[in-house]
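K.L.:
Mind folding the following:
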Amino acid sequence: MTEPLLAPDEAPPVTVHNPGGRSPFLLLADHAGRVFPRALGRLGISEADSWRHIAWDIGILGTSLDLAARLDAPLIAQTYSRLVIDCNRPPGVPSSIPVLSELTEIPGNVGLTEDQKAAREREIFRPYHDRIAAMLDARAAAGQPTILVAMHSFTPVYKGERRPWHVGMLYRQPALAHPLLRLLEREPGLVVGDNEPYSVGDETDYAVPVHGERRGLLHTAIEIRQDLIAEPAGQAEWGERFARLLPLAAGV
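P.N.:
Numbering: from 1, shown residues only. Reported below is the predicted structural model:
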């Protein structure tokens, strides 16, 4: 086995907020953090680039914390940058440990050995998803229903193309996504994406296929445009909106 990636005094790869929340909703934030393991530096990117969307989902942690408090729901959040290993990608696909993100090269991800890749999966990816699975198992054993909501944010512009949506629902199973879409479309001034700006796929997603679809849970992924939630006021606005609409969409 290779040397440990994370030193004992470094941040844990997963944080659980409000673990005893009584809501049926369980929130996930796969790209909440932008921490880099000390041993990896910043993977060769600049400090400025480490604050961009390529490294994390800007604003989603604050929004998810606000929503979790309003719903009294647990939130499981990832600590480390998606550039170290993307916790919403199956290990082994090219975008799991990207050498190019959008148009930015990631030098620290070039030429990794299989052992180096395995260390990132073992110490960051697996603890995060094991914690999700453990909570889902415990809730099922206690007879507590779970509605899974994966929280993400997206850039207003991607590779030069402006995105018109304020928010989007990502799904393959529409049971929760479609009612939520209809409710969002009634909100004044919103442009709502239906499987936009992304769609769920087996190589581009992990949380929804594994924890939502395979378990047969009611679920959806939510994408909020990052400029709308970059500051606390926007995070509270969207937290309030989804705290109001999610129970209506789910019928709880």
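K.L.:
So which other helices or strands are in contact with whichever helix or strand Arg244 is part of?
P.N.:
Using DSSP states H and E, Arg244 maps to helix 232-250. Judged by 3 or more C-beta pairs under 8 Å, 6 or more residues apart in numbering; DSSP states H and E, helix 232-250 is in contact with helix 60-71, strand 147-154, helix 174-185, strand 218-225. For every residue, glycine as well, the C-beta is placed using N, CA and C.
K.L.:
quick one: the first one to chain centroid distance?
P.N.:
This points to helix 60-71. Between the mean C-alpha point of helix 60-71 and the mean C-alpha point of its chain there is a distance of 13 Å (C-alpha atoms, centre = their mean, to the nearest Å).
K.L.:
ok, back up a step: what's the helix holding Arg244 in contact with?
P.N.:
24-25, 59, 62-63, 65-67, 69-71, 147, 149, 167, 176, 179-180, 183-184, 187, 218, 222, 224, 228-229 (C-beta atoms under 8 Å, 6 or more residues apart in numbering).
K.L.:
That helix to strand 147-154, inter-axis angle?
P.N.:
Angle between the axes of helix 232-250 and strand 147-154 is 140 degrees (criterion: axes from the mean of the first three to the mean of the last three C-alpha atoms, to 10 degrees).
K.L.:
what angle sits between helix 232-250 and helix 60-71?
P.N.:
Using the same axes, to 10 degrees: helix 232-250 against helix 60-71 is 50 degrees.
K.L.:
relative to strand 218-225, how tilted is helix 232-250?
P.N.:
150 degrees.
K.L.:
If any of the contacts of helix 232-250 are buried, give me the ChimeraX selection for them.
P.N.:
Buried members of these, defined by 16 or more other C-beta atoms under 10 Å, are picked up in ChimeraX with:
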select :24,25,59,62,63,65,66,67,70,71,147,149,167,176,179,180,183,184,218,222,224,228,229
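K.L.:
quick one: buried residues of stretch 130-150?
P.N.:
Under 16+ other C-beta under 10 Å, the buried positions of stretch 130-150 are Arg131, Ile132, Met135, Leu136, Arg139, Thr146, Ile147, Leu148, Val149, Ala150.
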